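>>> My questions concern the predicted model and sequence given below.
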Amino acid sequence: MTVARLSIEDLAKIVETRKGADPETSYTAKLLHRGVGQCAKKLGEEAVETVIASLAGDRAAIRAEAADLIYHLVVLLAAADVELEEIYAELGRREGTSGIAEKASRRI
Ligand SMILES: N=c1c2ncn([C@@H]3O[C@H](COP(=O)(O)OP(=O)(O)OP(=O)(O)O)[C@@H](O)[C@H]3O)c2ncn1[C@@H]1O[C@H](COP(=O)(O)O)[C@@H](O)[C@H]1O
């Protein structure tokens, strides 16, 4: 049996189509309609739920909460008009620089 999979890029495309969609029929449209603040609040909730699942060592719950977390991050990025490509460019800029070396290079 083939398990359906959806990439973050494809999810972001779906989320983008929900801008201006009916909040009565689309949860994403409802979130986007509420604005960046509400999207950020939901993201925070999902982050905490992911932490709780991790501390419980519950792999199935971690998987479900991480999916919720990624969905809400993608929605927040859409609400803030930040494109995935910008995130990829930022990650690319950081590639090859260890977090330890970066931290040591900070003045304070
Ligand atoms: N991946 C997701 C996804 N993950 C989580 N969720 C929803 O996110 C919500 C978060 O759970 P909560 O228990 O916090 O929800 P809640 O308390 O009812 O939410 P609030 O009332 O606080 O807003 C749930 O309603 C989940 O169904 C998602 N909703 C949509 N998607 C994707 O987005 C696509 C478009 O969805 P619609 O915009 O609804 O058509 C879907 O086809 C999916 O691919």
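Perfect, I can see it now.
>>> This protein: helices as residue ranges?
Remark: helices assigned in the chain by DSSP state H are 8-17, 27-34, 36-56, 59-79, 84-94, 99-105.
>>> need the residues of this protein near the ligand, please.
Proximity of the chain to the ligand, by CB under 6 Å from any ligand atom, involves residues 11, 14, 18, 26-29, 68, 71. All C-beta atoms are positioned from the backbone trio N, CA, C, and that covers glycine.
>>> ranking those by neighbours, who comes first?
Within the residues of the chain next to the ligand, T28 tops the neighbour count with 23 neighbours, counted by other CB atoms under 10 Å.
>>> so how far is G44 from that one?
18 Å (CB to CB, to the nearest Å).
>>> Equivalent analysis for D68, please.
Distance from D68 to G44, by CB to CB: 12 Å.
>>> worst-scoring helix or strand of the chain, pLDDT-wise?
The weakest-scoring helix or strand in the chain, judged by mean pLDDT, DSSP states H and E, is helix 99-105 (a mean of 87).
>>> can you pull the contacts of the residue of the chain found nearest the ligand?
Of all residues in the chain, T28 sits closest to the ligand, at 3.0 Å by CB to the nearest ligand atom. T28 is in contact with 14-15, 18, 21, 75, counting by CB atoms under 8 Å, 6 or more residues apart in numbering.
>>> Return the residues in contact with the residue sitting nearest the centre point of the chain.
Central residue of the chain (CA atoms, centre = their mean): L73, 2.1 Å from the mean position. Shown in contact with L73 (CB under 8 Å, 6+ apart): L43.
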